[in-house]
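1. need a 3D model of the sequence below.
(chains A and B)
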Amino acid sequence: MGSFAFPYFHNYPPYFTLQPVKETRDKQVALWCSLVLQYCQHTKTFVLDVQGDSPLFVNKVINRKLNQEARVAILDELATQGRAEWMDKGKTRCLVYWRRVDEWAGAVTEFVRTFGLSDSVMTVDELSSGDDVRGTDLYGVHPEILTRALKLLEAQGKVRTFKGATPEELGVKFI
Amino acid sequence: MRRGPGIAGLQHAVRTKEQYKVAGEEVKKNSLQAMHEQLSAFRSNLEEFARKYRADVRRDPVFRAQFHTMCANIGVDPLASNKSLWASALGFGDYYYELGVQVVEACLASRSLNGGMMELPALLRAVSRRRGGAAEPVSEDDVVRAIKKLRVLGGGFDLVTIGGRAYVRSVPGELNLDKNRALEAAQARGYTSVADLAAAAGWSAGRADDTLQALTREGLAWVDDGAPDGVRLYWFPCLSGAGGSAAEEQAAAAAGAAESGPAPG
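-> Now for the predicted structure:
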């Protein structure tokens, strides 16, 4: 995996302070939103730790880091766009959909078709880290995201899910 | 002239007047004709010149600037009308209208990032990028000319000089002396603070604070609370002192983000 090329604004200090003027802030947040998606896609990050020191939020070269308020504002904006989802009320961890849920659902359907798995049963765990998915887009996908994609497919009548003992053991039958 | 008495005197007066008139018209006609001849000779010479050097004028920004200076010296404006002989001989009218549109586009694309203010060289680079590598080169002189044409539209396009550097302002509104001074104070580093500005301009902290606040509201300044000593800094994306051409790069990034931006839903 090549190193991620940060856009220019990541080296420009005021971008690390949430701007007080609305028009300026909207633009700032929009740029950060697209950066978050690009960065997470590049690093295959599914869950962002809001308090963490990810190079996404911290630029040591210019000695600036995005504060909590700004991080939450950016992820809130992504959440309203359906590109992120908070995992807790305290907003400390956030799922990032750098591919939208319906796109992940599409990847599952594609996988099932390619490998001729109709009528077979798998667990979420197998779907995201099993040998079958090694080398496919699904490999390494966060189980939470996969579960949401499967729920979507279930609503469309394309799969049926079965509760397992733990969330990772959620079973799925492809129809 | 003494007026003679009686009918004969009156008739004489009328005749004299008519003769004067005829003579006067003759002279007028002659000088008009001479002027026409001069003008058409001038016109054909200029046209010949324009046709002969058309390629050079269009291709070479320096030559084009010299050509404009020459036209200004003899009092003709080659951009006055799209239908002028210049437009037909050089395709000039279109050239500057096209450039004007590119200037407007470049300014609009970066407006929310730099508050509608751009350094002239940065604008020139943005315009050149828009025109693509294959297009004929554009000089600062051309961009300035295009901006002057845009003024007619009253969109608030104007050139301002701050601290010896030229900036293009694309939003209506005045930069008062205080704001000018603040930009000047920030020019070297790309940022300033209330204390720095107050010291540089010899102002009270209140006046410096008011000025920087106003610039922030207008989108020209961005605040930065992340400095190690905790002092709030005000950055000006339109200033190139911020390590290269911040606004320009941001505009490019914004354009990229707009193209590949997340679709709603």
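
2. how about the residues of the stretch 1-150 of chain B by chain A?
-> Listed as neighbours of chain A in the stretch 1-150 of chain B under the rule C-beta under 8 Å from any C-beta of the partner chain: B:112-113, B:115. Quick note: C-beta positions are derived from backbone N, CA and C, even for glycine.

3. name the helices or strands packed onto the longest helix anywhere in chain A?
-> Looking across chain A with DSSP state H, the single longest helix is helix A:22-43. Contacts defined by 3 or more C-beta pairs under 8 Å, 6 or more residues apart in numbering or on different chains; DSSP states H and E place helix A:22-43 against helix A:68-80, strand A:93-96, helix B:92-114, helix B:246-260.

4. may I see the buried residues of the helix or strand harbouring B:Ala55?
-> Assigning secondary structure by DSSP states H and E places B:Ala55 in helix B:54-59. Of all the residues in helix B:54-59, those buried under the rule 16 or more other C-beta atoms under 10 Å in any protein chain shown are B:Val57.

5. how far does that helix sit from its chain's centre?
-> Counting by C-alpha atoms, centre = their mean, to the nearest Å, helix B:54-59 is centred 21 Å from the centre of its parent chain.

6. packing partners of it?
-> By 3+ C-beta pairs under 8 Å, 6+ apart, helix B:54-59 packs against helix B:61-73, helix B:85-90.

7. next, count neighbours for residue 12.
-> By default, I'm working from chain A. 25 (other C-beta atoms under 10 Å in any protein chain shown).

8. please go with chain B instead
-> Residues near B:His12, counting by other C-beta under 10 Å: 14.

9. picking up where we left off before, worst mean pLDDT among the helices and strands packed on helix B:54-59?
-> Mean pLDDT across the helices and strands packed on helix B:54-59 is lowest at helix B:85-90; the value there is a mean of 58.

10. my read: A:His10 touches A:Val58, true?
-> No - using C-beta atoms under 8 Å, A:His10 is not in contact with A:Val58, being 10.2 Å away.

11. which one of these two is surrounded by more residues?
-> A:His10 (22 against 14).

12. what's the spacing between the more buried one and A:Arg134?
-> 33 Å (C-beta to C-beta, to the nearest Å).

13. ok, A:Asp26 next?
-> A:Asp26 is 42 Å from A:Arg134, where distance means C-beta to C-beta.

14. looking at the two, which has the bigger crowd around it?
-> The residue with more neighbours, out of A:Asp26 and A:Arg134, is A:Asp26; 13 against 10, by other C-beta under 10 Å.

15. contacts only, for the residue nearest to the more buried one when sequence neighbours are not counted.
-> Residue nearest to A:Asp26 in three dimensions, not counting chain neighbours: B:Ser112, with 7.6 Å by C-beta to C-beta, 6 or more residues apart in numbering or on different chains. B:Ser112 sits next to A:23-24, A:26-27, B:219, B:254 when contact means C-beta atoms under 8 Å, 6 or more residues apart in numbering or on different chains.

16. next: A:Leu170.
-> Applying C-beta under 8 Å, 6+ apart, the residues near A:Leu170 are A:123-124, A:143, A:147, A:150, A:161-164.

17. retrieve the pLDDT associated with it.
-> pLDDT, read off for A:Leu170, is 79.

18. same question for A:Val96.
-> pLDDT at A:Val96 comes out at 93.

19. what's the neighbour count on the residue nearest to it when sequence neighbours are not counted?
-> Among residues not flanking A:Val96 along the chain, A:Cys40 sits closest, at 4.5 Å (C-beta to C-beta, 6+ apart). A:Cys40 has 23 neighbours, counted by other C-beta under 10 Å.
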